[in-house]
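>>> requesting a structural model of the entry that follows:
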Amino acid sequence: MPRDKTENHEKIIESAFAEFLEYGFKDASMRRIAEACGMSASGLYKHFPSKEDMFSALVEPTVEGFFDLQKELESAYYADIETCKPEESWSSKKETVVAMEYIYDHLDEFRLLICKSQGTRYENFTHDLAKLEEKVTLKYMNELKKNGIPINDVRKKEFHLLTTVSVEAVFQAVIHDFSRKEAMHYAETLEKFFEPAWKALFGL
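Numbers count the residues shown, from 1 in each chain. Below you'll find the model as predicted:
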């Protein structure tokens with residue numbers, strides 16, 4: 001009777017997580033993963049054509065889910081944009097807290113993304129996220145202007161650096177191995193720290 005490929009696949013995923021978390025992408029060994037699964041290396045490659053394909057299989061669903069979450073958070077800001085007052089235009093939607101909850105619901109995946117992805121297409125994950133945040137925020141500011149709310153002009157290079165800092169600050173909880181409780185408290189602190197700063201920057 002042929003062995004259950006689904007069962008083998010689950011063993012590979014479990015072993016791959018352990019290998020990548022310990023060694024990182026560059027130093028991870030397909031041979032060790034195969035041995036941990038009781039398989040040959042050639043059998044492993046039937047499931048994943050390359051080491052990066054395997055790494056991607058571990059993190060890509062989480063990445064897609066995270067970007068979907070960011071779109072939902074973005075939509076919340078536009079819900080009342082036509083009627084909001086200047087002081088209400090950056091009212092907290094607790095997006096940092098919501099994002100941190102998602103991160104800690106998928107903590108192993110984010111440990112791979114943030115700490116172990118060098119050498120993969122994910123190694124610039126936080127930079128790519130910061131660029132998206134820049135685009136989204138400037139779009140929102142332009143919409144506020146269209147609705148008669150005065151907005152300070154900001155220097156693009158400075159805004160890029162500040163956005164990068166704010167995005168990377170969130171993932172410091174993962175880098176510094178915060179517990180979930182510590183991370184959620186930290187997320188609340190980040191909200192209190194950055195919201196007044198962003199309002200001051202844009203003159204809101």
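>>> now could you export just the CA positions of the helix or strand of the chain with the lowest mean pLDDT as PDB?
Lowest by mean pLDDT, DSSP states H and E among the helices and strands of the chain is helix 41-47, with a mean of 82. Extracted C-alpha coordinates of helix 41-47, given in PDB (Å, rounded to 0.1, in the frame of the first residue of the first chain):
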ATOM      1  CA  ALA A  41      16.600  13.800  -0.200                       C
ATOM      2  CA  SER A  42      15.300  12.800  -3.600                       C
ATOM      3  CA  GLY A  43      11.900  12.000  -2.000                       C
ATOM      4  CA  LEU A  44      11.900  15.400  -0.300                       C
ATOM      5  CA  TYR A  45      12.400  17.200  -3.700                       C
ATOM      6  CA  LYS A  46       9.300  15.500  -5.000                       C
ATOM      7  CA  HIS A  47       7.400  17.700  -2.600                       C
END
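>>> so which elements touch it?
Identification of packing neighbours for helix 41-47 by 3 or more Cβ pairs under 8 Å, 6 or more residues apart in numbering; DSSP states H and E yields helix 5-27, helix 30-37. Just so you know, the C-beta spots here come from the backbone N, C-alpha and C atoms, and that holds for glycine as well.
>>> contacts for that helix next, please.
Here helix 41-47 makes contact (Cβ atoms under 8 Å, 6 or more residues apart in numbering) with 8, 9, 12, 30, 31, 33, 34, 37, 54.
>>> spatially central residue in the chain, please.
Geometric centre of the chain, nearest residue: residue 66, 5.8 Å, by Cα atoms, centre = their mean.
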